[in-house]
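In: need a structure here:
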Amino acid sequence: MGRLRLSLLWFLYLIFLPNFFNEIFAIDTERYLLQKNDILYISIKGDAVASREYTIGIDGKITLSLIGSIKAEGLKVKELEKLLKEEYSRYYVAPLISVSLIKVGPGCIYISGEVEDYGEVQLEDGFSLAKLLFKQKVKEKSADLERIKIFRKEKVIEIDFLKFLKGEDSSGNTLLEKDDIIYIPEKISPQDTSLVSSGRVTVIGAVSNPGEYKIYPNSRLLDILTLANIDYEHADISNVIIVSKNGNKVIINVLKILKGEDVSRNVYLKPWDTIILPAYEETEMKIIIVGAVKRSGTYRLREPEGIRVKEALILSEGYREEADLSNTLVIRNNGLKETIDLKKLLYSGDVTQDIILKPGDTLMIPQKELIEVYVLGKVAKPGLYSRYESMNIFQALSFAEQPTFGAQLAQTRIIRGWPDNPKVIRVNLSKVIGGNLEEDILLENGDVIYVPETVVSDSLEFWARILGSIRGTYKVDSNK
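Out: All right, here's what the predicted structure looks like:
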């Protein structure tokens, strides 16, 4: 009977003990960094009460008698053991303390974007995307559920969760895994053309879709990076660079934004910003060329002495028509800025402007301001028109191909600052067409020119009804 009992115990040992410890044996406990929800056994000789199991809390800490709370997350087991010995040495002489990892916790996932509660979330068994969105209170009105992204190790999974909600694709409610990063982008309605574009930004580097992107006043960094499709296998997203129009350079840790740890860095973009995603394998022997050039990017140098500006311009295949050549910037690796006049170099032969670019420098050719205005009412081609640097009423009217029959030219109005801070300006279009320069004022970005067919009011209530026609207006690029 005793032998039978011994065999049964040995059988249970073989069956259950490996299952209990398999997770511990599968990891290198000497290198493993402790995480939230890990279970430890801490033995303190002479303190039977404190010698027990401890679970690392959501704040990354454990709490022990005498010493209180102490940070365990991010430490190795031996490092925690050493720290505890130091803390307890205030109460014991040469304390004998040992720490063992009993069980690895379930881990965490991270969510950011259009949810009420962003940041770190404790992973649970069978934790699906639907459960996460419900728990973290997804913003139903603004969340783009068709373009959800899950960043899993070196892989990006794109989810159309709307198909799951419609019952068309059950795979949309995927199960989440430890360390997943879930990003819910903001939905931008294609009908919402009442917001005039602020301009454009350029994205270069480790992305699948480099190039220019149109931005609006509410466009943030992650909105544009989602469109550009980051190459997460190669991109160093902890060191994303934004170079502004005036040459200021900032480095942003996009990984912290995606994890919800520092969402304040998901900044609003400004016209002509250039976003650079460096790749891990890039060396220091490089320069960056951005702005109004035909091919923005990172260029490797053959020699550490560098190259001159004119040669760099050839590498980037020349400048674009909207380039502000006279205010070209060279941003040195140490952050210092130098302004050069490429116009003088290229058209007057002023070689003093052809300075040397060294490894780590950035050549920034700014773009002239883009003015976009609506021309509506009794014109042949109503629409949204754009021109670099400046635009007056006559130029805007020529894009719309002149007023049509029945237009009340003397009743023309310009609505400026729509819709946030609108004011109405009266314009006599007959005088503008007749060459009266005083009437032909310069327009501002976002102005609306309205040519009526009858007498109109100057009240804002009246224009609030009229300007509903802005929605769905056809966009025309008048720079081509």
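In: and Ser171, what are its phi and psi?
Out: phi -70, psi -10 (degrees, to the nearest 10).
In: what about it, how many residues nearby?
Out: Neighbour count for Ser171, taken as other C-beta atoms under 10 Å: 9. Where you see a C-beta, it was placed from the backbone N, CA and C, and this is true even at glycine.
In: ok, the closest residue to it other than its chain neighbours to Lys131 distance?
Out: The shortest distance from Ser171 to any non-neighbouring residue, by C-beta to C-beta, 6 or more residues apart in numbering, is to Phe164 (7.6 Å). According to C-beta to C-beta, to the nearest Å, Phe164 stands 12 Å off from Lys131.
In: Ala396 - how many residues pack around it?
Out: Ala396 is flanked by 22 other residues according to other C-beta under 10 Å.
In: so what's Glu305 up against?
Out: With contact taken as C-beta atoms under 8 Å, 6 or more residues apart in numbering, Glu305 is in contact with Ile356, Lys358.
In: got it, and the one 5 residues further on?
Out: Contact partners of Lys310, counting by C-beta under 8 Å, 6+ apart, are Leu345, Leu346, Asp354.
In: Three-state assignment for Asn421, please.
Out: coil (DSSP: H, G, I helix; E, B strand; the rest coil).
In: and the residue nearest to Ser171, how many neighbours?
Out: 19.
In: residues in contact with it?
Out: So Phe164 contacts Ala130, Ser170, Ser171, Gly172, Asn173 (C-beta under 8 Å, 6+ apart).
In: please report the distance of it from Arg413.
Out: Distance from Phe164 to Arg413, by C-beta to C-beta: 49 Å.
In: Leu443 touches Tyr374, doesn't it?
Out: No. If you go by C-beta atoms under 8 Å, Leu443 and Tyr374 don't touch, sitting 10.2 Å apart.
In: joint contacts of these two?
Out: Ile449.
In: what's the neighbour count on Leu222?
Out: Leu222: 22 surrounding residues under other C-beta under 10 Å.
In: so it is in contact with Val254, correct?
Out: Yes. With contacts counted by C-beta under 8 Å, Leu222 reaches Val254, the gap being 7.4 Å.
In: how confident was the prediction at the most centrally placed residue in the chain?
Out: Closest residue to the average C-alpha location of the chain: Leu222 at 2.1 Å, with C-alpha atoms, centre = their mean. Leu222 is assigned 88 on the pLDDT scale.
In: what residues does the helix or strand where it lies touch?
Out: Per DSSP states H and E, Leu222 falls inside helix 221-228. Residues outside helix 221-228 that contact it (C-beta under 8 Å, 6+ apart): 112-113, 147, 149, 183, 185-186, 188, 201, 203, 207-211, 213, 215, 240, 242, 252, 254, 257-258, 265-267, 269, 275, 277.
In: can you check stretch 118-132 too?
Out: Residues contacting stretch 118-132 (C-beta under 8 Å, 6+ apart): 36-37, 58, 106-112, 135-136, 148, 150, 159, 161, 164, 172-178, 182, 259-261, 263.
In: that older thread, who wins on neighbours among the contacts of Lys310?
Out: Counting by other C-beta under 10 Å, top hit in the contacts of Lys310: Leu345 with 21 neighbours.
In: circling back to that earlier point, any idea how far the helix holding Leu222 is from the middle of the chain?
Out: Relative to its parent chain, helix 221-228 has a centroid offset of 5 Å by C-alpha atoms, centre = their mean, to the nearest Å.
In: show me where the stretch 1-150 of the chain has its helices.
Out: Using DSSP state H, counting those that start in this stretch, the helices of the stretch 1-150 of the chain run over residues 2-25, 77-88, 129-135.
In: can you give me the buried ones in the shortest one?
Out: Spelled out, it's helix 129-135. Within helix 129-135, the residues scored as buried using 16 or more other C-beta atoms under 10 Å are Leu129, Leu132, Leu133.
In: pLDDT at the last one, what is it?
Out: According to the model's per-residue confidence, Leu133 sits at a pLDDT of 88.
In: thought it was touching Glu114?
Out: No. Applying C-beta under 8 Å as the test, Leu133 and Glu114 come out as separate, 9.8 Å apart.
In: what do the two both touch?
Out: Joint contacts of Leu133 and Glu114 (C-beta under 8 Å, 6+ apart) are Ile184.
In: can you pull the contacts of the closest residue to Arg152 other than its chain neighbours?
Out: Among residues not flanking Arg152 along the chain, Asp180 sits closest, at 5.4 Å (C-beta to C-beta, 6+ apart). Contact analysis of Asp180 by C-beta under 8 Å, 6+ apart lists Ile109, Tyr110, Ile150, Phe151, Arg152.
In: now do the third one: how many residues are near it, please.
Out: Residues within reach of Ile150, counting by other C-beta under 10 Å, total 19.
In: host element of the nearest residue to it once chain neighbours are set aside?
Out: Leaving aside its sequence neighbours, Ile150 sits nearest to Ile157 (C-beta to C-beta, 6+ apart; 4.2 Å). Ile157 is located in strand 155-159, with elements delineated by DSSP H and E.
In: gap between whichever helix or strand comes after that strand and the chain center?
Out: Per DSSP H and E, the first helix or strand lying C-terminal to strand 155-159 is helix 161-165. Distance of helix 161-165 from the chain centroid (C-alpha atoms, centre = their mean) equals 24 Å.
In: got the angle for the helix holding Leu222 vs strand 155-159?
Out: Between helix 221-228 and strand 155-159, the angle comes out at 90 degrees (axes from the mean of the first three to the mean of the last three C-alpha atoms, to 10 degrees).
In: pLDDT weak spots in the stretch 251-400 of the chain?
Out: 280-284 (pLDDT under 70).
In: got the residue ranges for the helices in it?
Out: Under DSSP H, counting those that start in this stretch, the stretch 251-400 of the chain gives helices at 254-258, 309-315, 342-348, 393-399.
In: give me the contacts around the shortest one.
Out: Spelled out, it's helix 254-258. Here helix 254-258 has contacts from 110, 112, 151, 181, 183, 221-222, 225, 230, 237-238, 240, 262-263, 265-266, using C-beta under 8 Å, 6+ apart.
In: distance to Arg332 added to the buried residues of helix 129-135, as a markdown table?
Out: A markdown table is the format used below for those (distance: C-beta to C-beta, whole Å):
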| residue | distance to Arg332 |
| --- | --- |
| Leu129 | 46 |
| Leu132 | 45 |
| Leu133 | 46 |
